[in-house]
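Enquirer: with the input below, show me the fold.
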Amino acid sequence: MQSENPIIADFVKLANSAAGTMAGMTREARESARERMREAMGGMDFVSREEFETVKAMAQKAREQADALEAKIAELEAKISGK
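Expert: Predicted coordinates:
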């Protein structure tokens, strides 16, 4: 039969309590940091990848149209000055 030393048993209980407390504090700190990050990011204006790609395509199309119009203007100016 094994005899228990009360000092060692108390020390083990204390160590287990400290470990549980540290784990709880770690979880709470992590959740708090996540919440602060959500609050900070919530005030910022972000767009989704889909919205970004849509606007990018619109800008590309507008650039192509502007280039085409510049070419037409240059052609018309050449005709006017050639007469």
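Enquirer: got phi/psi on Asn5?
Expert: Phi and psi for Asn5, reported as degrees, to the nearest 10, are phi -90, psi 120.
Enquirer: from Phe11, how far off is it?
Expert: Per CB to CB, to the nearest Å, Asn5 is found 9 Å from Phe11. In short, each C-beta sits where N, CA and C put it, glycine included.
Enquirer: the more surrounded of these two?
Expert: Between Asn5 and Phe11, Phe11 has the larger neighbour count (other CB atoms under 10 Å), namely 11 against 8.
Enquirer: checking the more buried one next. Helix, strand or coil?
Expert: Assigned with DSSP: H, G, I helix; E, B strand; the rest coil, Phe11 falls in the helix class.
Enquirer: state the pLDDT value of Gln2.
Expert: Looking at Gln2, its pLDDT is 53.
Enquirer: what about Ser81, how many residues close to it?
Expert: Look at Ser81: counted by other CB under 10 Å, it has 7 neighbours.
Enquirer: list the contacts of it.
Expert: Listed by CB atoms under 8 Å, 6 or more residues apart in numbering, the contact set of Ser81 is empty.
Enquirer: pLDDT (mean, whole number) over the strand or helix carrying it?
Expert: In this structure, Ser81 sits in helix 49-82 according to DSSP states H and E. Mean pLDDT, helix 49-82: 95.
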